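Colleague: Build me a structure from this.
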Amino acid sequence: VGRGGARGSSATEGYVSLSAFAYLYSELVQYHQSRVASISELERRLESAGYGVGLKVLELLAYRARESKRETRLMNILQFVSSSVWKALFGKAADSLERSIDHADEFMIVDYEPVTSTYVSVPADLGQLSADAYVSGIIAGVLEGAGFTARVTAHSVRVEEGEYAKAPSTPGLPARKDKAVFLVKFSREVLARDAALER
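Modeller: Numbers count the residues shown, from 1 in each chain. Next up, the predicted model:
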């Protein structure tokens with residue numbers, strides 16, 4: 001998703017305009033919302049829609065890199081997702097990649113300006129809806145396609161004062177009060193394989 005630039009210039013070639021993406025994503029959310037009975041079912045449908053995109057993004061990036069090797073280590077695949085995949089999809093790297101202090105199998109990818117929830121207003125009756133569930137599906141698709149089974153969930157977390165002082169990348173928008181945290185919880189098999197590779 002591009003964030004501006006001259007039309008037809010080589011800098012924006014291959015990018016989708018932000019307004020076009022926002023419109024299509026809004027339609028996707030409304031389409032699924034009219035066909036579900038609960039918020040969790042809507043989030044599952046958004047994740048499912050993103051999952052296929054994740055598989056295709058992995059395939060595209062592997063093809064463009066023209067490398068025959070694939071990532072086999074946990075941290076390497078997470079670095080790939082938070083940098084290469086994020087840049088291919090959103091034109092910038094994720095803001096941070098963190099490991100959980102409490103659980104060794106959990107990692108967090110943080111984005112202070114998630115494009116999927118920037119232009120979505122969640123009605124009061126859907127207050128707990130995470131509009132970023134689509135991106136968690138993309139992450140899950142990339143990881144699964146690379147052989148790293150994981151459960152990925154999107155969470156909206158309040159930005160603490162002084163935590164993120166950068167102005168919004170889209171002029172005219174107020175500073176965001178929430179950040180998107182994508183919690184990646186790997187399966188036992190993936191952790192065991194990574195531990196064996198470490199020896």
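
Colleague: What residues does the residue nearest the centre of the chain make contact with?
Modeller: Nearest to the geometric centre of the chain sits residue 135, at 3.5 Å (CA atoms, centre = their mean). Applying CB atoms under 8 Å, 6 or more residues apart in numbering, one finds that residue 135 lies in contact with 50, 111, 114, 116, 154, 180, 182. All C-beta spots, glycine's among them, are computed from the backbone N, C-alpha and C.

Colleague: Quick check: pLDDT value at the closest residue to residue 74 other than its chain neighbours.
Modeller: Excluding its sequence neighbours, the residue lying closest to residue 74 (CB to CB, 6 or more residues apart in numbering) is residue 194, at 4.4 Å. On pLDDT, residue 194 comes in at 87.

Colleague: Please apply the same query to residue 83.
Modeller: At residue 83, pLDDT is 94.

Colleague: Just say helix, strand or coil for the residue lying closest to it once chain neighbours are set aside.
Modeller: Closest residue to residue 83 apart from its sequence neighbours, by CB to CB, 6+ apart: residue 93 at 4.7 Å. Using DSSP: H, G, I helix; E, B strand; the rest coil, the structure places residue 93 in coil.

Colleague: Which other helices and strands does the longest helix seen in the chain contact?
Modeller: Counting residues, the longest helix in the chain under DSSP state H turns out to be helix 39-65. For helix 39-65, the packing partners by 3 or more CB pairs under 8 Å, 6 or more residues apart in numbering; DSSP states H and E come out as helix 18-33, helix 86-90, helix 133-145.

Colleague: same thing but at 6 Å, please
Modeller: helix 18-33, helix 133-145 (3 or more CB pairs under 6 Å, 6 or more residues apart in numbering; DSSP states H and E).

Colleague: model confidence over it, on average?
Modeller: Across helix 39-65, pLDDT averages out at 92.

Colleague: host element of residue 182?
Modeller: Assigned by DSSP states H and E, residue 182 falls within strand 178-186.

Colleague: quick one: contacts of the lowest-mean-pLDDT helix or strand in the chain?
Modeller: In the chain, the helix or strand scored least confidently by mean pLDDT, DSSP states H and E is helix 115-118, which has a mean of 83. The contact list for helix 115-118 (CB atoms under 6 Å, 6 or more residues apart in numbering) reads 1, 90, 131-132, 134-135.

Colleague: Now restrict the residues you listed to buried residues only.
Modeller: Among the contacts of helix 115-118, those scoring as buried are 90, 131-132, 134-135 (criterion: 16 or more other CB atoms under 10 Å).
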